[in-house]
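Q: What follows is a protein structure lacking sequence information:
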């Protein structure tokens, strides 16, 4: 249940970035050192994302299928690093609730709201689970079946490995006029892929980093934002009093 939802989240976000930064993503053209080509910008943005020890990833997905489903996230805000630590939130579509996530090493805490449990757990068990937790975190490890998917969702290294996968769909992205995204000077790189409009926004100044990536058309409408490159993931974890062990929850479900 939870594993499926969270694994899809990570893989889907990485797939979008991989398709936009993959081989042949930009036109190759000669350029002066102070006027990098689209290819230069794509290559440097990809390298800096792959080299990042930590980053904050924000996803908004207003695609038709995602927006009308209750088990896929329409928004995600995660700070994650290469050591497998992360902290943030996910919100599901169609009233499917939201969940807070904290992960340090192999330990995982997640705090879904009642709407999330009702969407994920069949029958009346969703209400029973929410009542048991009483707004506390579910605590366990990446070895627990209910929480195992968190290992990939909250592991920047896994995300980066997905981005390195080759893409055979060559496309051409061309430079646009400089603009700003969230106050940052960026150079837009725009084009099409599989009939969808795609855009990358890369910082104008060095090091050239990916700030935003969008994909629209054919029922797809999503955006990924990247910030806080190199900033440590918040290290605070929920206390024992704020948590319920995952084994206790599993026992309750078996006895229900």
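A: All right, it came through fine. Treat the numbers as computed from the prediction; the structure is a model and nothing was measured. Numbers count the residues shown, from 1 in each chain.

Q: For the stretch 101-250 of the chain, just list every one of the helices.
A: Taking DSSP state H, counting those that start in this stretch, the helices of the stretch 101-250 of the chain run over residues 114-120, 125-133, 150-153, 156-163, 246-255.

Q: Turn the ones you listed into a markdown table, columns for distance to residue 65.
A: In short, each C-beta sits where N, CA and C put it, glycine included. As requested, the helices of the stretch 101-250 of the chain are exported to a markdown table (distance: least, CB to CB, whole Å):
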| stretch | distance to residue 65 |
| --- | --- |
| helix 114-120 | 15 |
| helix 125-133 | 22 |
| helix 150-153 | 20 |
| helix 156-163 | 20 |
| helix 246-255 | 29 |
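
Q: looking at these, which is buried most?
A: Highest mean neighbour count of the helices of the stretch 101-250 of the chain: helix 150-153, a mean of 24 (counted as mean count of other CB atoms under 10 Å).

Q: Averaged over its residues, which helix or strand of this protein has the lowest pLDDT?
A: Least confident helix or strand of the chain, by mean pLDDT, DSSP states H and E, is helix 2-21 with a mean of 54.

Q: Roughly how far does residue 37 sit from residue 54?
A: Counting by CB to CB, to the nearest Å, the gap from residue 37 to residue 54 is 29 Å.

Q: still on that earlier bit, can you flag the weakest of the helices of the stretch 101-250 of the chain by average pLDDT?
A: Lowest mean pLDDT of the helices of the stretch 101-250 of the chain: helix 150-153, a mean of 70.

Q: re the thing from before, show me which residues of the following helix or strand past the least confident helix or strand of the chain are buried.
A: Downstream of helix 2-21, the next assigned helix or strand under DSSP states H and E is helix 38-51. Neighbour-count burial for helix 38-51, counted by 16 or more other CB atoms under 10 Å, picks out 38-46, 48-49.

Q: and of the residues you listed, the nearest to residue 66?
A: Ranked by distance to residue 66 (CB to CB), the buried residues of helix 38-51 are led by residue 49 at 23.2 Å.

Q: leaving aside the residues next to it on the chain, what's closest to that closest one?
A: residue 210 (5.5 Å; CB to CB, 6 or more residues apart in numbering).

Q: how near is that neighbour to residue 116?
A: 30 Å.

Q: now swap in residue 49 and tell me
A: Taken as CB to CB, the span from residue 49 to residue 116 is 30 Å.

Q: Could you do residue 93 as well?
A: Residue 93 is 12 Å from residue 116, by CB to CB.

Q: Please apply the same query to residue 136.
A: 14 Å.

Q: Next: residue 158.
A: Separation of residue 158 from residue 116 (CB to CB): 23 Å.
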